[in-house]
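In: Got a sequence here, can you model it:
(2 chains)
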Amino acid sequence: MAAARLAQQLRDRTPPDAAEVTLYGAEPHPPYNRALLTAAVIGRHDPETLGLPYGDGTVLRTGTRVAAVDPAARVLRLSDGTTAPYDTLVLATGAAPVLPYELRGPRPARVHLLRTLADARALARDARDSARAVVVGGGVLGVSTAHALAGLGTRTDLVHAGPHLMHRHLDAGSAADLHRLLAGLGITARTGTRPTGLHGSPAVTAVTLADGDKLEADLVVLACGVRPRTGLARAAGLRVARGVVVDDRLTTSDPHVHAVGDCAEHRGTLHGLAGPAWDQADVLAARLADHVTGVPPRARHTGSRPVLRLAADGLHLAAFGDPAAPAGHDVLRLADARRGTSTRLVLHGDRLTGGVLLGDTGTAGDLLTLWRRADPLPGDPARLLVPEGAPT
Amino acid sequence: MTPTDTHCPYCALQCGMRLHPAAAPRDPGAPPVEVGERPDFPVNHGALCGKGRTAAAVLSRAARLTAPLVRDRAGGSLREASWDEALDRVADGLRRTAARHGAAAAGVFGGGGLTNEKAYLLGKFARVVLRTPNIDYNGRFCMSSAAAAHRAAFGLDRGLPFPLEDVAGTGCVLLAGANPAETMPPALRYFTRLRENGGRLIVVDPRRTRTAAQADLHLRPLPGTDLALARGLLHLMITEGYLDEEFIAARTTGFAGARAAAMAHWPERVEQITGVPVTQLHAAARLFGAAATGMVLTARGSEQHSKGTDTVRAWIDLCLATGKAGRPGSGYGCLTGQGNGQGGREHGQKADQLPGYRSLTDPAARAHVAGVWGVDPATLPGPGLSAYEMLDTAGTPGGVRALLVMGSNPVVSAPRAAHVTRRLRALDFLAVGDVVLSETAELADVVLPAAQWAEETGTTTNLEGRVILRQAAVEPPPGVRTDLQVLAGLAARLGTTDGFPTAPEAVFDELRRASAGGPADYAGIDYARIRAEAGVFWPCPGPDHPGTPRLFLDRFATPDGRARFSTAGHRPEAEPPDARHPLHLTTGRVTAQYQSGAQTRRVTELNAAAPGPFVELHPHLAERLGITEGEVVAVTSRRGRALAPARITTTIRPDTVFMPFHWAGDGRANTLTNPALDPVSKMPEFKVCAVRVEKLPGGGAP
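Out: Residues are numbered from 1 along each chain as shown, chains lettered A, B, ... in the order given. Coordinates of the predicted model:
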């Protein structure tokens, strides 16, 4: 996704013949929007139509894995054995799913990952006739996948090793509200436990858990998180920490190599969301466009303020900023059990520093704007908790 | 004197009105006519807004110019002069500049309020007499983005492809950046009737305007994000099953590119760009997608951006994807602003165009028009500078050095107006033809007093593409001439004695020939038909042709007959807010004033209703800044500072302030606006720039 965005932005900002841009991708498809894969599982999208713009004139090399980078010679070695020179290389290799130790190795049929279009297609096919599903991982992908499966009428268990659902994005209270909301949708969430085995042959029939329980399942989705794909960078001798390390110019330890998106580590931070990846792609595209048109590049990436946002039938969630409330911060909270909605806002002095909206996200647009702009809050912040009535 | 049927001098609705002789005026300078209803004219059926009802006031001697004015030396004052002296001076000024700096150094700046006859003859004057490429007009600041999008998508630019009455019968109207309740009150009936008929109204506007308050759904995006919103709605048309695949296959090309752009604008992302909640995006998609017929109508709010053309094209894509174009009761339309904003852009006062909406770069078009004009096509200049570019470079090497302005007041209406004013002052020579002593006329070396709407006959083309006839009810007062007489006088002084008739009907007959065979073909329209048929819709290629109230029903006007999808995605405004300028400024209009206010600020009743500029701010913002209602505040952008009283209202977003742009002086909104231009239409970004709002030291007492 980040690569397509970069190519499209670069093409938009430069004359048609200013630079030759080639996109290499291991998958057989042109670039597509991974953020829509869950929606594709339930048929909201035709998987063939998720394609993203990647700029007129960009050369697309799908099904072509880059096997190695020689930064000294500025040459790529491709999976078909050929080589390709470059002036500037951008790594947008993304992230790969990680699996719990116990689940590595051969897996029964009807056990799925959800990272690629091929994954989404396979999952959609098996989800059609599934009666009981187990989703492993209670992060963004796990929760939205569980919700998608439940929406298809599948009884769904959600297993999460963390202390509460989406523990990196939500406080415990909001997570408990989410837990209840999911229960209302027919999803049983279990936290603080992890799968220890997948059973069944050829197709999966059950999942055993560390707490000794055994969950019947005819479909399993593993959504246990991702890890930056750094192999290529590491082998090329680039500096890699958890991700490929880049500076504010999105440049790696080699001045001719850049990295953006899920594979990049910027100021010690990794992101796994489209928003920050596109922020980085936009900054790098501006810099590269300036470079090829002979202007000193000025754009800098100083970090992103990502927002976690789910918007699907019955599951509306927006989380932004720090979910915890450090000392000196105030928390405002409004929960409406009748409607199954809750709002939590974290304030520092007169500034909004974070928040969680669950159930009703109608005020998300305004609150996100306030948070991003870091404007002082008006008068009584309690009035932020309820949507303004229509002005009369 | 019998009553005279004519049309309002103000906006593009061109309401029909009937002028009656004034009852024995006590004061010889009082208006000689009274405005009355003309119930048989279909667009407004007799209804008029306050501006139309009081239009006769500008005819009073006190309000207007009644003699030419000249300035004897730079810095001196204007004095009255004879017409001969004034026209000699203008001819000398233009001739001398051309001799010293080349023909291109003499420029012409026209207006969207000029009749078709005047716009046509002004273009001919520039290209045949001055032989300058540099003619453009204030319509560049008006609907040029919609015009460019229309031409790219449909192959033809006519504001509305259907009569306004069709609005009342469609299933759903999405109004983007349009506020007809306040800017075109007599048009509101069609939107009211739409809702009475069960149709739905969606309004897209950062402000909760009077129009928005009547909508079924009001989407309130951040200024400068309509393109993302339109793409987000296209995304939902795709995912929620509202595509009309048959229509896409049979009547369009390029859907794959638009779909890819839509895939990059999924609802959660669009919410973050626009501030419009996902639930409202879905609600809008349902209303528009589920309706059997529907329209998207835009106005300046969506168009006056450095991405205005792409934004309008994205709105058009929404219509194309759902099969809501080129069919009865459906389509995309632009609510054109100026009185003759439509006709003014069709007949050759635009930098890149020849009459009949022909292209100045098309050899066949050049040959045709040159034939009508009796000149060698090779002598016709090529495309020149667009409006802001011409003003921005005025008085500089390579820019225009002498300028003839007709019916425009760029000192108030151009973006970065203080800079534009400096550029106009730097000209070697400036002549202004106008009805009143506008702020631009005040800078001129020669001011030419022009006859007004009630005093001259001529056609305009309203926002529907309906060619209508204004008819003179009274003689112009002594000392005043029509623009056609002025152009004939100047042409003669500059050596062209033929081809500049002063009778409007003679000019129109020539315009018909010049437009014949062009996209905007007027060949079959004449004054008698207009009178008999309450206007004739172009294209009308022959006397037996009925005119074309509804365009594109069989095919679009592209070479292959198919409409074209577009591919652009969201990009930020040219000037995003930062720490020094943390707020968005958006600009617009109020009901009782019109454009630069040159006419309406001279009408007592209108000034009573809207006496001066103001700054709308949300109570939260006002509270933060310690500003109280009525207090004069300073609004500062990178281009300057404006002062105006605060008007505190919940109808504006807390991150945005609004100023109307009708006034000169300290409260001039266009002192602040950003001249970042759309790359295709050259439209400046009037509708969003970054500002800060501050209390005045000592507190601006109300």
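In: chain center to the helix or strand residue B:249 falls within, what's the gap?
Out: Per DSSP states H and E: residue B:249 is located in helix B:245-251. In terms of CA atoms, centre = their mean, to the nearest Å, the centre of helix B:245-251 is found 33 Å from the chain centre.
In: So what are the sheet partners of the next helix or strand after that helix and their directions?
Out: Sequence order places strand B:252-253 as the next helix or strand after helix B:245-251, per DSSP H and E. The pairing partners recorded for strand B:252-253 under DSSP bridges are strand B:563-564 (parallel).
In: re the thing from before, please export the alpha-carbon coordinates of the helix holding residue B:249; CSV is fine.
Out: Extracted in CSV, the C-alpha atoms of helix B:245-251 (Å, rounded to 0.1, in the frame of the first residue of the first chain):
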residue,chain,number,x,y,z
GLU,B,245,-22.9,-1.1,-14.2
GLU,B,246,-25.0,-1.0,-17.4
PHE,B,247,-24.7,2.8,-17.6
ILE,B,248,-21.0,2.7,-16.8
ALA,B,249,-20.5,0.2,-19.6
ALA,B,250,-22.7,1.9,-22.2
ARG,B,251,-22.1,5.6,-21.7
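In: And residue 169, what's its pLDDT?
Out: I'll assume chain A. Residue A:169 is assigned a predicted lDDT (pLDDT) of 91.
In: You answered for a different chain; I wanted chain B.
Out: So residue B:169 comes in at 97 (pLDDT).
In: Check the one 5 residues further on too.
Out: pLDDT for residue B:174: 98.
In: Output the contacting helices and strands for the helix or strand hosting it.
Out: Assigned by DSSP H and E, residue B:174 belongs to strand B:172-176. Contacts defined by 3 or more CB pairs under 8 Å, 6 or more residues apart in numbering or on different chains; DSSP states H and E place strand B:172-176 against helix B:188-196, strand B:200-204, helix B:278-290, strand B:294-298, helix B:308-321. For the C-beta atoms, the positions are set from N, CA and C on the backbone; glycine is no exception.
In: hmm, back to that, buried residues in the helix holding residue B:249?
Out: For helix B:245-251, the neighbour count (16 or more other CB atoms under 10 Å in any protein chain shown) marks B:247-248, B:251 as buried.
In: could you say what helices and strands that helix packs with?
Out: Counting by 3+ CB pairs under 8 Å, 6+ apart, helix B:245-251 packs on helix B:308-321.
In: Helix B:278-290 and the helix it packs on, what's the angle between them?
Out: In terms of direction (axes from the mean of the first three to the mean of the last three CA atoms, to 10 degrees), helix B:308-321 departs from helix B:278-290 by 60 degrees.
In: Listing request: residues of the stretch 401-550 of chain B with sub-threshold pLDDT.
Out: For the stretch 401-550 of chain B, no stretch has pLDDT under 70.
In: the bottom helix or strand of chain B by mean pLDDT?
Out: Lowest by mean pLDDT, DSSP states H and E among the helices and strands of chain B is strand B:689-700, with a mean of 88.
In: follow-up on the earlier one: looking at the helices and strands packed on strand B:172-176, which is closest to chain A?
Out: Ranking the helices and strands packed on strand B:172-176 by proximity to chain A (CB to the nearest CB) places helix B:278-290 first, at 4.0 Å.
In: Can you pull out the low-pLDDT segments for the stretch 1-150 of chain A?
Out: Nowhere does the stretch 1-150 of chain A drop to pLDDT under 70.
In: near chain B, which residues of it?
Out: Contact residues, the stretch 1-150 of chain A versus chain B (CB under 8 Å from any CB of the partner chain): A:5, A:8, A:12, A:32-33, A:35-36, A:39, A:44-45, A:49-53.
In: In helices, which of those appear?
Out: In helices, judged by DSSP state H, the following of those are found: A:5, A:8, A:12, A:39.
In: Excluding sequence neighbours, find me the nearest residue to the third one.
Out: What that stands for is residue A:12. Spatially, and ignoring its direct neighbours in sequence, residue A:12 is nearest to residue A:55 (7.0 Å; CB to CB, 6 or more residues apart in numbering or on different chains).
In: residues in contact with that neighbour?
Out: If you count contacts by CB atoms under 8 Å, 6 or more residues apart in numbering or on different chains, residue A:55 has them with A:7-12, A:21.
In: mind checking the SS state of it?
Out: Of the three states, residue A:55 takes coil according to DSSP: H, G, I helix; E, B strand; the rest coil.
In: do you know how far it is from residue B:133?
Out: Relative to residue B:133, residue A:55 is positioned 34 Å away (CB to CB, to the nearest Å).
In: Okay, domains of chain A per the record?
Out: Following automatic domain parsing, one finds the domains of chain A at A:2-93+A:227-292, A:101-224, A:315-385.
In: show me what contacts residue B:235?
Out: B:262-263, B:265-267, B:270 are the contacts of residue B:235 under CB under 8 Å, 6+ apart.
In: was I right about residue B:273 contacting residue B:573?
Out: No. With contact defined as CB atoms under 8 Å, residue B:273 does not count as touching residue B:573 (11.2 Å).
In: First-to-last residue distance for stretch A:179-189?
Out: 7 Å (CA to CA, to the nearest Å).
In: any bit of it sitting next to chain B?
Out: No. Between stretch A:179-189 and chain B, judged by CB under 8 Å from any CB, nothing touches; the nearest distance is 15.9 Å.
In: what about that stretch, distance to the chain center?
Out: Counting by CA atoms, centre = their mean, stretch A:179-189 comes out at 22 Å from the chain centroid.
In: List just the nearest of the contacts of residue A:55 to residue B:438.
Out: For these, the minimum distance to residue B:438 (CB to CB) is 40.2 Å, reached by residue A:12.
In: circling back to that earlier point, list of residues touching the helix or strand following the strand holding residue B:174?
Out: Going down the chain from strand B:172-176, the next helix or strand is helix B:180-183, by DSSP H and E. Helix B:180-183 has contacts (CB under 8 Å, 6+ apart) with B:11, B:187-188, B:191, B:209-211, B:214, B:299, B:335, B:337, B:589-591.
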